[in-house]
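**Q** Curious how this folds, go ahead:
(one chain, ligands or ions: 1)
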Amino acid sequence: MHIINLMDNKKPFVSLEFFPPKDQTLWPKFFETVEKLKIVNPLFVSVTCGALGSSQEYTKEITIRLKQEFKLEPMAHLTCIGSSTDKLHSFLKALLNARVDNVLALRGDFPQDKTFNYKEGEFKHASDLVSFLRKHYPQFGIAVASYPEGHPESFSLEEDLKFLKLKLDEDADFAITQLFFDNNIYWNFLERVRDLGIDKPIVPGILPVTSLTALERILSQCGASIPKQFLRDLHIADEKGGAEAVRALGIKYATMQIKELLDRGVPGVHIYTLNRVKACLNIFRALGLV
Ligand code: FAD
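**A** So this is what the prediction gives:
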């Protein structure tokens, strides 16, 4: 079923993002993680893919298993940069055959390799992928990415918003945001989105901080900001209580963010789980969701 239609029946909802472990010997543990987090009854679960479509096979296999074995509503992340339409067709047909109904349509990160060039016929933007999907695969529900602080490549948030509008006008159903650590950034963004006449759901994406190393890596990749005080508190926690104290503060902070978003009426919250069971369960318990 299309996620956008499921949203009407469950308000507010929680959705979970997982990444497929590259080492397949870790898959049994990964599926245990999914089984444990199912307790929150997610509206949908999404499965990431690697840069330039690497690990797309894993994304496909795990997405299909989440549907068939775990009876979850999965959404496969699909990037189009550097991908041929043949490759896209083959991926999408496999999902359709397995009755997977939802795709997150992404461009994907631009390769670091300065010699990278688009080949003839390749898509340059996520909006191209959305229109391709709508033309050839009307069976899919489609989500797209959005950036409350602007995409790092954009000159301005205003410019980036124009392209978010284009993706949604191409008929994507809803957007999920990049992570943010200050809810005001989301609320201001939402106001600007609505001012453009976009009335589709903009689902906030929340990352529970579970380690300083992971946080630094993620921030350097996605360009999101972090409030100075929160970062300072995380470092103090690390000095005083080490990794466990950082995790505890990260969980407390994410819980506070999610609670405020739910209290102010978001349709639901998408959690970047990083496949972390304990942290997510602690958040669900603190929110009274399990
Ligand atoms: P686009 O929407 O194409 O935007 C990219 C840039 O181009 C922006 O600056 C935009 O303003 C600009 N732009 C868009 N359309 C046009 C146009 N027509 N003309 C000129 N400029 C334009 N990456 C992965 O590799 N795997 C994942 O699984 C993954 N999951 C993600 C999930 C979420 C919820 C989010 C928010 C991001 C995710 N990403 C993932 C990261 C994403 O691939 C990168 O942020 C990527 O750089 C941009 O992808 P996009 O789909 O937003 O691109």
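**Q** Contacts for stretch 189-207, please.
**A** 4, 7, 15, 17, 146, 148-149, 157, 161, 164-165, 168, 172-181, 186, 218, 254, 257-258, 261, 266-272, 274 (Cβ atoms under 8 Å, 6 or more residues apart in numbering). C-beta coordinates here come from the backbone N, C-alpha and C atoms, glycine included.
**Q** now the end-to-end length of it.
**A** With Cα to Cα, to the nearest Å as the measure, stretch 189-207 spans 18 Å from end to end.
**Q** From the chain's centroid, how far away is it?
**A** 15 Å (Cα atoms, centre = their mean, to the nearest Å).
**Q** cool, and stretch 13-22?
**A** 8 Å.
**Q** and that stretch with the ligand, contact?
**A** No: using Cβ under 6 Å from any ligand atom, stretch 13-22 stays clear of the ligand, with a minimum separation of 7.1 Å.
**Q** Send me that stretch as CSV with only the CA atoms.
**A** Only the C-alpha atoms of stretch 13-22 are listed here, as CSV (Å, rounded to 0.1, in the frame of the first residue of the first chain):
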residue,chain,number,x,y,z
PHE,A,13,3.2,7.7,13.2
VAL,A,14,6.8,6.5,13.7
SER,A,15,8.9,5.3,10.8
LEU,A,16,12.3,3.7,10.9
GLU,A,17,15.3,3.9,8.6
PHE,A,18,17.8,1.0,8.4
PHE,A,19,21.0,0.5,6.5
PRO,A,20,21.9,-2.9,5.0
PRO,A,21,25.1,-4.2,6.6
LYS,A,22,27.7,-4.7,3.9
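**Q** in the stretch 51-200 of the chain, which spans are strands?
**A** When assigned using DSSP state E, counting those that start in this stretch, the strands of the stretch 51-200 of the chain occupy the ranges 74-79, 102-106, 141-146, 174-179.
**Q** So which other helices or strands are in contact with the third one?
**A** This means strand 141-146. If contacts are counted by 3 or more Cβ pairs under 8 Å, 6 or more residues apart in numbering; DSSP states H and E, strand 141-146 sits against helix 3-7, strand 102-106, helix 126-136, helix 157-169, strand 174-179.
**Q** Around the ligand, pick out the residues from this structure.
**A** So the chain meets the ligand at 48-49, 51, 77, 79, 106-109, 125-127, 145, 151, 153-154, 160, 163, 166-167, 176, 178, 205 (Cβ under 6 Å from any ligand atom).
**Q** For the residues you listed, I'd like a selection string for ChimeraX - just the buried members, please.
**A** Listed next is the ChimeraX selection for buried residues among the residues of the chain next to the ligand, using 16 or more other Cβ atoms under 10 Å:
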select :48,49,77,79,106,107,108,126,127,145,151,154,160,163,166,167,176,178,205
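**Q** ok, back up a step: could you export the helices and strands packed on strand 141-146 to a markdown table, including columns for mean pLDDT?
**A** Converted to a markdown table, the helices and strands packed on strand 141-146 look like this (pLDDT from 0 to 100):
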| stretch | mean pLDDT |
| --- | --- |
| helix 3-7 | 97 |
| strand 102-106 | 98 |
| helix 126-136 | 98 |
| helix 157-169 | 98 |
| strand 174-179 | 98 |
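**Q** Buried deepest among those, which one?
**A** Most buried of these, by mean neighbour count (mean count of other Cβ atoms under 10 Å): strand 102-106, with a mean of 24.
**Q** Identify the residues contacting that one?
**A** Everything outside strand 102-106 that qualifies as a contact, by Cβ under 8 Å, 6+ apart, is 2-3, 44, 46, 73-80, 92, 95, 126, 129-130, 133, 140-145, 167, 172, 176.
**Q** Stretch 22-32 too?
**A** Stretch 22-32 is contacted from outside by 18, 20, 21, 50, 55, 58, 62, 65, 69, 70, 275, 277, using Cβ under 8 Å, 6+ apart.
**Q** One more: stretch 248-266?
**A** 12, 181, 183, 186-187, 203-204, 206-210, 230, 233-234, 237, 241, 269, 271, 279, 282-283, 286-287.
**Q** ok, longest helix in the protein?
**A** helix 228-263 (DSSP state H).
**Q** any idea of the mean pLDDT in that helix?
**A** Helix 228-263 shows a mean pLDDT of 98.
**Q** what angle separates that helix from strand 174-179?
**A** 160 degrees (axes from the mean of the first three to the mean of the last three Cα atoms, to 10 degrees).
**Q** Can you name the element that comes right after helix 228-263?
**A** strand 268-272 (DSSP states H and E).
**Q** what's that following strand packed up against?
**A** So strand 268-272, by 3+ Cβ pairs under 8 Å, 6+ apart, packs with strand 13-18, strand 174-179, strand 202-206, helix 228-263.
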